[in-house]
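Colleague: Kindly generate the corresponding structure for this input.
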Amino acid sequence: MPAVSKGDGMRGLAVFISDIRNCKSKEAEIKRINKELANIRSKFKGDKALDGYSKKKYVCKLLFIFLLGHDIDFGHMEAVNLLSSNKYTEKQIGYLFISVLVNSNSELIRLINNAIKNDLSSRNPTFMCLALHCIANVGSREMAEAFASEIPRILVAGDTMDSVKQSAALCLLRLYKTSPDLVLMGEWTSRVVHLLNDQHMGVVTAAISLITCLSQKNPDEFKTCVSLAVSRLSRIVSSASTDLQDYTYYFVPAPWLSCKLLRLLQCYPPPEDGAVKGRLVECLETILNKAQEPPKSKKVQHSNAKNAILFEAISLIIHYDSEPNLLVRACNQLGQFLQHRETNLRYLALESMCTLASSEFSHEAVKTHIETVINALKTERDVSVRQRAADLLYAMCDRSNAKQIVAEMLSYLETADYSIREEMVLKVAILAEKYAVDYSWYVDTILNLIRIAGDYVSEEVWYRVIQIVINRDDVQGYAAKTVFEVLLHEPSKFGRWFGSVLLGRPLVQFNLLHSKFHLCSVPTRALLLSAYIKFINLFPETKATIQEVLRCDSQIRNSDVELQQRAVEYLKLSSIASTDVLATVLEEMPPFPERESSILAKLKKKKGPGAVSVTELDDSKREAGELNGGADRGPDTASTPSPSADLLGIRSAAPVGAAQTNAGSLLVDVFSDSGCSHFPFPLLPIHSLFVLLPICFHPCFVLGLSLHPCPVLWPPSSAPPSEDPAPPLSEADELLNKFVCKNNGVLFENQLLQIGIKSEYRQNLGRMYLFYGNKTSVQFASFSTTVSCPGELQLNVQSKPVEPLVEGGAQIQQVLNIECITDFCDAPLLNIKFSRYGGALQNLTLKLPVTINKFFQPTEMSSSDFFQRWKQLSQPQQEAQKIFKANHSMDTEVLKAKLLGLGTALLDNVDPNPENYVCAGVIQTKGQQIGCLLRLEPNAQAQMYRLTLRCSKDTVSKRLCELLAQQF
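Modeller: As a prediction, the model looks like this:
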């Protein structure tokens, strides 16, 4: 860089800065700045022959004022003029001003680009570096478009100075990060890669940053860099500190370049060439050997540089995971750091060992440090180090040390920091489940976990325990006895287990449960009420006592709707149902299917250090078969999905047209966030008795007493089995009205079946897709559908037959083609029949949401045309009007959305009253076109509407008026 002469000191700038610093108040500072801005503005406007030194000084002052937080709206042109100067200091200030103040959308960008091009082609290395720095600092897309093709040429040119190559490589890296689509290496790829062999270490350091970024996006194009990177790394590692004096940092040769080379190699798999691989292994062994050597300096910079290379080398060894000797050596080296006095080293060692623990070659070596890690968990002062220690214990756990690790983690939980308790609870629960060979130990561990950290035990944990225990007959007795004993002493933490674990005489059990009822949360009380109805079925002698509890005002008039509804419905069921019916309703459900653990899924979502890997999830699925009772189930029960799949409302919709598979592969953990519905629309929670009875929140069963949730029943709204089509459901009209202003959604849903609709219309033709989803675990047989159009021939509906079998948890699709012959009032009927449970026929009839407005074609009109047509439709029978009270919120955007969903055109600036809504459209039928005009007048104060429709056919006016009056 050229030396700066004394004459370039800019005394005026120094005086101005001094004045600003001496200001006693903000007002004085602003006054001084305004005075200076006025002086600079007058100089720029008045003195046309301003010399370069003065321009530079004033531009510097403007830059300083801008950095103080004041806006600058002039001086840009003078800064651009400085770019054409031949003096370094003037050009430097010009580029600095441009980099900081000029917007990429500025009108001056073309002049700036021309000046940069001139400097890039000048072959003056100082000017070229200034131009490259400006491009990198601005980094805009316009800069990339202008120079992305020019900079690679400068980078690889043989006559380019080393300092310019460095700047060019870093400038190209900046442009690639901001506009990767514009930076295309193409023919320059091989020449850029060969910069790794450059004699100048600074060029190599800059080039490797560029190559690493390019390799991450296009690894195949730059794979030749591997051998060159290994060669360069070998030369650095084998060199003495005196060989690279200019790039030696506290006796460590080129530490930054070494780290970058090791990081580049992590972008690729192990080299296939035996010679290259051998040379790389030799480099890694040398790095590990040097880590054992005595330090050459006591200064912290030396150890930091040395350890930085070591940890990058260990990361590369872990990435390759193919050299057992290196993995074990890396583990031993990290083990030495576990007791290092430097906290950062202990943290990094624990973090790296977490990854090493997942390798089959180094897992045993990691386990040898278990005592050191446990000691770190107990004694470390830094919470982040303790968390890494907990992660490492979790990672090194297997069947041989599971009990020891779980015990230590439970012990630590009692004093653990609040920020990591929830994650610790999840990990203890996962380890207890994954490595349990003794189910009594598993139950004891989970109960101890709830006792120690009950407030941090999420629902997923106790859901998972229930899933496991219900599938294992051999553990149910022990679990029931243990939890019943704990229940006597720890009601606050074990309330969720109330309905699951009762022994002793029935009234003793019930009285114990109910004595804790008032201490429980609302969800737990709901589970208790479900347990009470099971008592009545299993122990008839408790019926009177339980009915008295359900009948009290605190239950049937509870302020919580869910508790009130359960109490009322359970009381009625216990009163009117016979013993046989009650036994049928509350009979056992099949075991849970094998599924992914919801606890693992939740831990994976955290995505923090030590989070669950995909491998662990797969391992858990294989091992969970034992805990889930998979070994005891036959092929039928193993794939049985649970009908409670959406009671928690956490399942999401699968895409329409998703491939259908058997039920066993469809369902994962019903309580897991990762579970998904295989119906085209979300399953909506239903709070009626006929959903609660078959599900009963799964935990509400009595272990060892065969009290399990029951099969589902048809709701009372369903017609009795019949060979003839059943009459439409009582709520058929209500379901129909929901689709007047929309075409997609869930038409009908109960605990057995979900029917989704997706439809589209054009002129007088329409196509409707019906999706029938089986929500149960049982196959639907003889599944058939029939579409009929009541009255005269007004609609022509053609349907394709559906598959007669619908597997449990599966979905089938049916396509309907619809043609509107003439206007109509009554919707077509859809009758659905299928059998289940030993041949009992289910018969269901709905109204398909096909209404006359579906065949609207929107019509745009001016104000004059609209009112002219309005007057033409003035006959009394052509108009239908209705004044009605608002049924929904009178939100403007909602009203507009509904009117547009109607199918008409919403006309703006037509009605003299801007609060009114005006629409126009033409109904297309096969025989004729029916023009329709609509006017909706809302009265927000009175919460009333006046709806007026005028159509060229009177029956259409009346029908549309009836349909629309229910939408607002």
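Colleague: can you pull the contacts of Gly69?
Modeller: For Gly69, no residue counts as a contact, taking Cβ atoms under 8 Å, 6 or more residues apart in numbering as the criterion. Any C-beta I mention is one placed from the backbone N, CA and C, and that applies to glycine too.
Colleague: quick one: secondary structure of it?
Modeller: coil (DSSP: H, G, I helix; E, B strand; the rest coil).
Colleague: If I look at it, what pLDDT would I see?
Modeller: Confidence at Gly69, expressed as pLDDT, is 90.
Colleague: and if you look at Ile287?
Modeller: At Ile287, pLDDT is 92.
Colleague: How many neighbouring residues does it have?
Modeller: 23 (other Cβ atoms under 10 Å).
Colleague: ok, the closest residue to it other than its chain neighbours - how many residues close by?
Modeller: Distances taken as Cβ to Cβ, 6 or more residues apart in numbering place Ala313 nearest to Ile287, at 4.4 Å, with adjacent residues excluded. A count of nearby residues for Ala313, using other Cβ under 10 Å, gives 27.
Colleague: same check, this time on Ala308
Modeller: Ala308: 17 neighbours (other Cβ under 10 Å).
Colleague: OK, contacts around it?
Modeller: 255, 259.
Colleague: Centre of the chain to the helix or strand where it lies, how far?
Modeller: With secondary structure defined by DSSP states H and E, Ala308 is part of helix 300-320. From the chain centre to the centre of helix 300-320 is a distance of 34 Å (Cα atoms, centre = their mean, to the nearest Å).
Colleague: which parts of the helix or strand where Phe510 lies are buried?
Modeller: In the assignment (DSSP H and E), Phe510 maps to helix 506-515. For helix 506-515, the neighbour count (16 or more other Cβ atoms under 10 Å) marks 506, 509-510, 512-514 as buried.
Colleague: Buried residues in the helix holding Ala308, which are they?
Modeller: So, applying 16+ other Cβ under 10 Å, buried residues of helix 300-320: 302-320.
Colleague: C-terminal to it, what's the next element?
Modeller: Counting by DSSP H and E, what follows helix 300-320 is helix 324-337.
Colleague: After that next one, which helix or strand is next? Please name it.
Modeller: helix 343-356.
Colleague: That next one packs against which elements?
Modeller: Judged by 3 or more Cβ pairs under 8 Å, 6 or more residues apart in numbering; DSSP states H and E, the packing partners of helix 343-356 are helix 300-320, helix 324-337, helix 363-367, helix 370-379, helix 383-396.
Colleague: coming back round to it: mind checking how far the helix holding Phe510 is from the chain centre?
Modeller: The answer for helix 506-515 is 44 Å, by Cα atoms, centre = their mean.
Colleague: Downstream of it, the next helix or strand is which one?
Modeller: Helix 506-515 is succeeded, C-terminally, by helix 522-538 (DSSP H and E).
Colleague: and the angle from that following helix to helix 506-515?
Modeller: 170 degrees (axes from the mean of the first three to the mean of the last three Cα atoms, to 10 degrees).
Colleague: what's the pLDDT at the residue nearest to Ile287?
Modeller: So Ala313 comes in at 93 (pLDDT).
Colleague: and if you look at Leu172?
Modeller: 93.
Colleague: wait, Ile65 sits on Ile33?
Modeller: Yes: with contact defined as Cβ atoms under 8 Å, Ile65 counts as touching Ile33 (5.7 Å).
Colleague: residue ranges with poor pLDDT in the stretch 851-968 of the chain?
Modeller: Judged by pLDDT under 70, the stretch 851-968 of the chain has no weakly predicted residues.
Colleague: Okay, strands next: where are they in it?
Modeller: 856-858, 879-885, 905-907, 917-924, 929-939, 944-951 (DSSP state E, counting those that start in this stretch).
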